[in-house]
Each structure stands twice: as structure tokens, then as C-alpha cells.
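Enquirer: got a sequence here, can you model it:
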Amino acid sequence: MARRRSSPDPAPSAPTNERFEFVRDDRGGVTVMRDGHPQSHVDPDDPTSIEFEYVQHFAMLVDALAPPAPAPLGVTHVGGAGLTLARYVEARRPGSPQIVLEPDTQLTEAVRRELPLPRSHRIRVRGVDGAAGMRALKDESADVVVLDAFADGRVPAELVSPAFADDVARVLKPSGVLLANLSDEPGFAWTGRAATTFVERLPHAAIVGAQEVLKGRRFGNVVLAATRTESCLDVTTIRRSAARAMFPTGVRAGAELTSLFRGAPAYTTDAERSPVPPELGAWRVR
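Expert: Next up is the predicted model:
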């Protein structure tokens, strides 16, 4: 999964039930843990401060979208956890109407208690799973759909299925963009199939990720950006933003993307979960 900065002396976890921990670090941030897996990192005093690599990539892509900030965007999030990206969008584009599909209502309650949302936000959390929640949304109701959902550290199979991809394409406006967090081993066997499933419906696409992940040097996350309208994905701007990133970040689009996935077929009825991530202790840290 995403690399994290090392923290030599994390503060004790905030009290909560056995499933959740809120681990505070010496920089004022909080890592939200669910069932032993890190789900989010939130800086309550600065929602634009992003810790996890792949969330930095999400934020970079959101900033590259038209209209530019601070214009609001209608965003649907599949997966909520600490609501890190929803907080970022609210900070950068105040008043953005946002829907979060998060079935773990206990987690949402714990996050809201420990890490309250800003005043006057328009973030609405629905306690439903991503597939059911997406089916219930209106056609062409979102500027952005963000897929960032994991169960036991793996992306569920139903969230890379053809039926789910159909719903994502239906819910997005003609100018809308999917941003999907995909987690995989070197070689991208699973990511290639998942990405191709979405790209069959949203044909203009790019992948953003840490250079060492894109080069196959470690397990990790990449973010797929896909849209049906070519002008809505400004790859030049995305590359410029990646070049300014704090840590080496790469972009693959066009022929580079085709080469990365080596003709991986889309899922049909055989969608599967993403690979098992390495143990937390084996993750690299900055």
C-alpha cells in the first residue's frame, strides 16, 4: 500500500472500540486504523496536508481538473474511512457537494467523533456499500467519482466488475472523471484487468503512481484517471504536477499505458479482489 513517513514515537491511540485506532504522530497528524490496516491519515489543522502517497496523487489529479480551484465539484467517494480526500476537496473547493458511500457506519461515527468535519461542509456520508450506493445514484450526477475502498486491505471484486464500471460511467457527467485507487504487485496483472474494465467505458485514461511502483520495484498503489471526453484529462498538466511532487512520481498515458498493461483483458464475470498486500512491517517508509 502507500508509503508513510516514519514516526519514531507515535502518541497513544485515541480510545475507541477494538476495530478502530486513531494513532497520533509527532507532526499533529492522525492515522485511522481499521482491523489493523491503516485506512487514512488526517491532519485536523490542515486538511490540505496529505501523508499517503496515493492520496497525494488523488489530490494532484483533483487540482488538475477543470474548472480549476476554487470552483466547486460534485464528487462521489466510494469508500470513506477518515474522509481525507473529502476534507481536501472541501478545503480547496469550498462548498463542493460530496457524497461518501461508506458501509462501515461504526467507523464513520468514530471518525466524526475523533476528527470532526469542518463547519458548513457539504459532505454527506451514506451507510451503504459502494456497489449498491452507486446503483442508487442519478444519471450524470457527479463531476468526479473516487474509488478508494478496501476490505482487509484488498479492493473488493464487485468494485472492478463490469456492472460497477457501467454504473460509474452512468453516474459521471459527460465531462466527468473517474479516479480509482488500484493496489497491486509488480507486473500489474490485476491492475491491468481492472483498469481495462473501466477504460472500455471511459476510454481516455492515465495512471499516476510512485516511480518505483510504476517500474515494478515494489507492491503499491497507482491511481487511474479515466474519462469519456479527451479534453477533460489534461495529461500535460498532470505531468507537470507530477514533476513537482515531493517524491518521484510518474505518469503513464497513451502508448505508455498500453505497454504497462500489456494487453490485459477486461473482467467479465470473473472479477477478483486485488492481491494480498504485504505485512505492514514490510512496507517501506520515507
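Enquirer: and the gap between Asp25 and Glu90?
Expert: Separation of Asp25 from Glu90 (Cβ to Cβ, to the nearest Å) stands at 23 Å. To be clear about C-beta, it is placed using only N, CA and C from the backbone, and glycine gets the same treatment.
Enquirer: which residues are in contact with the helix or strand hosting Thr108?
Expert: According to DSSP states H and E, Thr108 maps onto helix 105-114. With contact meaning Cβ atoms under 8 Å, 6 or more residues apart in numbering, helix 105-114 is reached by 14, 16-17, 19-20, 22, 30, 32, 34, 39, 80-83, 102, 125, 127.
Enquirer: just the buried ones from the residues you listed?
Expert: With burial judged by 16 or more other Cβ atoms under 10 Å, the buried subset of these is 14, 16, 20, 22, 30, 32, 34, 39, 80-83, 102, 125, 127.
Enquirer: now, these that are in strands?
Expert: Counting by DSSP state E, the buried ones among the contacts of helix 105-114 place Phe20, Phe22, Val30, Val32, Arg34, Gln39, Val125 in strands.
Enquirer: beta partners for the second one?
Expert: Okay, so that is Phe22. Applying DSSP bridges to Phe22 gives these bridge partners: Ala14, Val32.
Enquirer: what does the model give it for pLDDT?
Expert: The model reports Phe22 with a pLDDT of 93.
Enquirer: ok, now how distant is it from Ala59?
Expert: For Phe22 relative to Ala59 (Cβ to Cβ), the value is 22 Å.
Enquirer: equivalent analysis for the third one, please.
Expert: With distances defined as Cβ to Cβ, the gap from Val30 to Ala59 amounts to 18 Å.
Enquirer: need the helices for the protein, in chain order.
Expert: 53-64, 84-92, 105-114, 130-135, 162-171, 189-199, 211-214, 235-243, 255-261 (DSSP state H).
Enquirer: so where's the stretch 151-286 of the chain uncertain?
Expert: 280-286 (pLDDT under 70).
Enquirer: oh, I was asking about the stretch 1-150 of the chain
Expert: 1-18.
Enquirer: let's go with 80 and repeat that
Expert: For the stretch 1-150 of the chain, the stretches flagged by pLDDT under 80 are 1-18, 35-37.
Enquirer: for the closest residue to Leu101 other than its chain neighbours, grab the count of nearby residues.
Expert: Among residues not flanking Leu101 along the chain, Gly133 sits closest, at 3.5 Å (Cβ to Cβ, 6 or more residues apart in numbering). Using other Cβ atoms under 10 Å, Gly133 has 20 other residues around it.
Enquirer: next: the one 3 residues further on.
Expert: As a burial measure, the neighbour count of Ala136 was computed by other Cβ under 10 Å and equals 11.
Enquirer: go on, the one 4 residues further on?
Expert: By the measure other Cβ under 10 Å, the count of residues near Glu140 is 13.
Enquirer: leaving out the residues flanking it, which one is nearest to it?
Expert: Lys173 (4.7 Å).
Enquirer: list the contacts for the one you found?
Expert: Gly74, Glu140, Ser141, Ala142, Asp143.
Enquirer: strands - which of the residues you listed land there?
Expert: Per DSSP E, these map to strands at Ala142, Asp143.
Enquirer: which one of the contacts of Lys173 is nearest Ser120?
Expert: Gly74 (16.9 Å; Cβ to Cβ).
Enquirer: just checking, that closest one touches Pro97?
Expert: Yes: when contacts are counted by Cβ atoms under 8 Å, Gly74 is listed as touching Pro97 (5.1 Å).
Enquirer: mutual contacts of the two, please.
Expert: Counting by Cβ under 8 Å, 6+ apart, nothing touches both Gly74 and Pro97.
Enquirer: can you check which strand is longest in the chain?
Expert: Max-length strand for the chain by DSSP E is strand 172-184.
Enquirer: what comes up buried for that one?
Expert: Per 16+ other Cβ under 10 Å, strand 172-184 contains these buried residues: Leu172, Lys173, Gly176, Val177, Leu178, Leu179, Ala180, Asn181, Leu182, Ser183, Asp184.
Enquirer: farthest-apart pair in these, please.
Expert: Across the buried residues of strand 172-184 (Cβ to Cβ), the longest gap, 28.8 Å, separates Lys173 and Asp184.
Enquirer: may I have stretch 52-63 exported as CSV, CA atoms only?
Expert: Provided in CSV are the C-alpha atoms of stretch 52-63 (Å, rounded to 0.1, in the frame of the first residue of the first chain):
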residue,chain,number,x,y,z
PHE,A,52,-0.2,8.8,2.0
GLU,A,53,1.4,8.8,-1.5
TYR,A,54,-1.7,7.7,-3.4
VAL,A,55,-3.9,10.3,-1.7
GLN,A,56,-1.3,12.9,-2.8
HIS,A,57,-1.9,11.6,-6.3
PHE,A,58,-5.6,11.9,-5.9
ALA,A,59,-5.2,15.5,-4.7
MET,A,60,-2.9,16.3,-7.6
LEU,A,61,-5.5,15.0,-10.1
VAL,A,62,-8.4,16.8,-8.5
ASP,A,63,-6.4,20.0,-8.7
